[in-house]
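1. Just to be clear, the model below is a prediction. Sequence and coordinates:
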Amino acid sequence: MSTMSSAVAEVGSVRVSSRKALGRKSSRPVVANVLPSAATVPPPVLERHSAVLCPLPCGTAPRLAFGTAGDHPVVSQMLCDVFNGSAQAAFPATLDDPHYEPCDRLLVKGGPRILAHLQMTRRVLQFGPLRHGVSGLQHFATLPEHRQRGYGRTLLGLAEDLMAEDGSGLGIVQTAVPKFFCRRGWAVCGRHCYSRAGVRDLLAQLSADGTRWPKHPLKIRPWRQVELPDLMRLHRQWSDQFDGATQRTEAYWRWIVGRGDHDRIFVAIDGADPAAADDDVPCNAKESQIVGYLVMRDDRILELATDPGHATAAHELLARAASEAIERDCHVITLLAPPNDPLHETFRQARGTSVHNEIDQGEVFMIKVLDVLDLMRSMCPLLHDRAAAAGITRPTEFAIAADGQRYRVLLTRRSVKVSRERSGRRTLTCSGAELTRLLLGHNGIEEAIDAGRAKVSSRVVAEIVSTILPARPLWYTPWDFGPV
């Protein structure tokens, strides 16, 4: 995939320059206001992006631009026009993202107007012991009267080039138009997972389960800002149990707590509550420890994380959430949690329903692997550990054929090696999108074979792939992938 040039280039009306050429500190290229003489212009590297920019009816040439702080008011109004005000309400929070820069916004401009907009975000997602840099796409929109002109394709192509330039291994988007992204090699990868039950039915089930709770229940109360380190600790423990969680720095935590995408946060305290200031608490009382937290918005539980050593903390926090729902006159409560969370069973026992689908309310999660070979090589130590734990006879090898590319996977007793060599009679054949889903654990090889999305030359290949690339609980935390 091509990267951005370090000098100025003009193709039609597109003017792009790197930060080095303009002396800017931004990590993104910015728009050049003045072009040098034709003799100094290098071969155009953005021709495939600019060539599809159709002229406006009035004859004005549209321009591909990188956002600046001065564009914020116009961007806010444009998002309001497209998303009926919902994006405009969330817009101020995006400016406070600790990783945000104005040039993260890719724009198509027609005179003073913004015709199309795409914002890129930078995150790190964890997949087991691996950490992958991920570029997210959000608020991707074109004004209705300027659609079908290729502006969206232009912005997406530029975004993919910038992802590669920044070193991101993956791109991720939540979208209601998957066909648009499929044409560029994006794959549906990740599921919506939540459970819903009547509040009174849930309380009755928790009351029945409460007979097994400890004699002294945990103290549940709203959290305090000074308890942020405890929330960070609990999140790290909880997010190790599934794939797809966003790594949160302290700055990111302060941003996500302060952006207002939730109503309340409760903590579960084991021992004397230091905030109670109760003189009756004996001096030898057990030292307090926060063993769980819960994040709510309206009747939805966005996040519920507990210390693995406190089996009842999740149920006691859930009981508090149900009580809060009753006080707000909510008759149904929804838990958003990873697919392997045992609380889903609690909801089912309370005559509730559970959802674990790729598509929900018309939206799916999609991922693009920017360099498949690089991703596979980063996974080699993990693949070796899985092969060793399963006792796979080694050395052995097989090939993966996907979208015209062929990869050789060699498993030895000491390591796993991946290359582009064309060798091996044992072959797994699938699309590039299916290979993405297999590598990230969205589904296993048996599911892909049964659905006709993959073929293997022998059962031996299927057994090896099912061992080193098993299906994993893959789930993107909704507090991170929320409305903002």
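-> Looks like it arrived, so ask away. On a predicted model such as this, the values are computed, not experimentally measured, just so you know. Numbering: from 1, shown residues only.
2. burial count for Val461?
-> The number of residues packed near Val461 is 23, by other Cβ atoms under 10 Å. For every residue, glycine as well, the C-beta is placed using N, CA and C.
3. Show me what the host helix or strand of it is packed up against.
-> Counting by DSSP states H and E, the element that carries Val461 is helix 459-468. With contacts taken as 3 or more Cβ pairs under 8 Å, 6 or more residues apart in numbering; DSSP states H and E, helix 459-468 sits against helix 380-390, strand 396-402, strand 427-430, helix 445-450.
4. okay if I get those as TSV plus mean neighbour count?
-> Below are the helices and strands packed on helix 459-468 laid out as TSV (neighbours: other Cβ atoms under 10 Å):
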stretch	mean neighbour count
helix 380-390	16
strand 396-402	19
strand 427-430	20
helix 445-450	18
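5. Show me the one of these that comes nearest Asp161.
-> For Asp161, the closest of these is strand 396-402, at 21.8 Å, according to Cβ to Cβ.
6. Now the element after the closest one, going C-ward?
-> Next helix or strand after strand 396-402 toward the C-terminus (DSSP H and E): strand 405-411.
7. Pairing partners for that next one, with directions?
-> Strands adjacent to strand 405-411 in the sheet, as given by DSSP bridges, are strand 396-402 (antiparallel), strand 416-419 (antiparallel).
8. In CSV: those, plus distance to Lys109.
-> Below are the strands paired with strand 405-411 laid out as CSV (distance: least, Cβ to Cβ, whole Å):
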stretch, distance to Lys109
strand 396-402, 38
strand 416-419, 43
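9. hang on, the earlier thing: show me which residues of the helix holding Val461 are buried.
-> Buried residues in helix 459-468, defined by neighbour count with 16 or more other Cβ atoms under 10 Å: 461-462, 464-468.
10. what sits up against stretch 391-408?
-> Outside stretch 391-408, the residues that touch it by Cβ atoms under 8 Å, 6 or more residues apart in numbering are 185, 372-373, 376, 387, 409-413, 418-424, 426-432, 434-435, 460-461, 464-465, 467-468.
11. So this protein: which segments form each domain?
-> Split into domains by automatic domain parsing, the chain comes to 9-188, 195-355, 371-468.
12. Between these, which one is closest to Thr477.
-> Ranking the domains of the chain by proximity to Thr477 (Cβ to Cβ) places domain 195-355 first, at 5.7 Å.
13. What's the end-to-end length of the closest one?
-> 6 Å (Cα to Cα, to the nearest Å).
14. could you give me the average pLDDT of that domain?
-> The average pLDDT within domain 195-355 is 89.
15. what distance separates it from the middle of the whole chain?
-> 22 Å (Cα atoms, centre = their mean, to the nearest Å).
16. and if you look at stretch 112-122?
-> Taking mean C-alpha positions (Cα atoms, centre = their mean), stretch 112-122 and its chain are 19 Å apart.
17. From Ile449, how far off is His262?
-> 42 Å (Cβ to Cβ, to the nearest Å).
18. Which strand residues bridge the residue lying closest to Leu170 once chain neighbours are set aside?
-> Leaving aside its chain neighbours, Leu170 sits nearest to Val134 (4.6 Å; criterion: Cβ to Cβ, 6 or more residues apart in numbering). Here Val134 sits in beta bridges with Arg123, Leu170, going by DSSP bridges.
19. Nearest to Asp480, out of the domains of the chain?
-> Per Cβ to Cβ, nearest to Asp480 of these: domain 195-355, 4.2 Å.
20. Between the strands paired with strand 405-411, which one is closest to Ile367.
-> Using Cβ to Cβ, the nearest of these to Ile367 is strand 396-402, at 14.8 Å.
21. tell me the mean pLDDT over the closest one?
-> Rounded mean pLDDT across strand 396-402 is 95.
22. Now do it: distance to the chain's middle.
-> 29 Å.
23. Can I get it in CSV? Just the C-alpha atoms.
-> Extracted C-alpha coordinates of strand 396-402, given in CSV (Å, rounded to 0.1, in the frame of the first residue of the first chain):
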residue,chain,number,x,y,z
THR,A,396,4.8,-29.8,10.0
GLU,A,397,3.6,-27.1,7.6
PHE,A,398,0.6,-26.0,5.5
ALA,A,399,-0.3,-23.2,3.1
ILE,A,400,-3.0,-20.6,3.2
ALA,A,401,-4.4,-19.3,-0.1
ALA,A,402,-6.5,-16.1,0.2
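24. Can you add distance to Val364 and give the domains of the chain back as CSV?
-> CSV is the format used below for the domains of the chain (distance: least, Cβ to Cβ, whole Å):
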stretch, distance to Val364
domain 9-188, 5
domain 195-355, 13
domain 371-468, 11
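25. mind listing what the nearest residue to Ala268 once chain neighbours are set aside touches?
-> Closest residue to Ala268 apart from its sequence neighbours, by Cβ to Cβ, 6+ apart: Gly292 at 3.9 Å. By Cβ under 8 Å, 6+ apart, the contact set of Gly292 is 218, 234, 267-268, 304-307, 310, 313-314, 316-317.
26. What is the subsequent helix or strand relative to the host helix or strand of Gly292?
-> Here Gly292 is covered by strand 289-297, with elements defined by DSSP H and E. Counting by DSSP H and E, the element after strand 289-297 in chain order, helix or strand, is strand 300-306.
27. Name the residues that touch that following strand?
-> 231, 234-235, 237-239, 261-262, 268, 291-296, 313-314, 317-318, 321, 333-337, 343, 477-479, 482.
28. Can I get it in PDB? Just the C-alpha atoms.
-> Output in PDB follows, covering the C-alpha atoms of strand 300-306 (Å, rounded to 0.1, in the frame of the first residue of the first chain):
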ATOM      1  CA  ARG A 300     -28.100  -0.100  30.100                       C
ATOM      2  CA  ILE A 301     -25.100  -1.500  32.000                       C
ATOM      3  CA  LEU A 302     -22.200  -0.500  29.700                       C
ATOM      4  CA  GLU A 303     -19.500  -2.200  31.800                       C
ATOM      5  CA  LEU A 304     -19.400  -4.400  34.800                       C
ATOM      6  CA  ALA A 305     -15.900  -5.500  36.000                       C
ATOM      7  CA  THR A 306     -15.000  -7.400  39.200                       C
END
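29. what comes up buried for it?
-> 300-306.
30. Not counting residues beside it along the chain, what's closest to Ser378?
-> Leu130 (6.5 Å).
31. State the distance from the one you found to Ala387.
-> Using Cβ to Cβ, Leu130 is found at 16 Å from Ala387.
32. if we can go back for a sec, switch the contacts of Gly292 over to JSON lines, and while doing so, append distance to Ala401 to every line.
-> Shown next, in JSON lines, are those (distance: Cβ to Cβ, whole Å):
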{"residue": "Leu218", "distance to Ala401": "54"}
{"residue": "Leu234", "distance to Ala401": "44"}
{"residue": "Val267", "distance to Ala401": "51"}
{"residue": "Ala268", "distance to Ala401": "51"}
{"residue": "Leu304", "distance to Ala401": "43"}
{"residue": "Ala305", "distance to Ala401": "41"}
{"residue": "Thr306", "distance to Ala401": "44"}
{"residue": "Asp307", "distance to Ala401": "46"}
{"residue": "His310", "distance to Ala401": "48"}
{"residue": "Ala313", "distance to Ala401": "48"}
{"residue": "Ala314", "distance to Ala401": "44"}
{"residue": "Glu316", "distance to Ala401": "52"}
{"residue": "Leu317", "distance to Ala401": "48"}
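33. Neighbours of the nearest residue to Ala245 once chain neighbours are set aside, how many?
-> Spatial nearest neighbour of Ala245, chain neighbours left out: Ser239 (3.5 Å); criterion: Cβ to Cβ, 6+ apart. Neighbour count of Ser239, defined by other Cβ under 10 Å: 21.
34. Brilliant, that's me finished.
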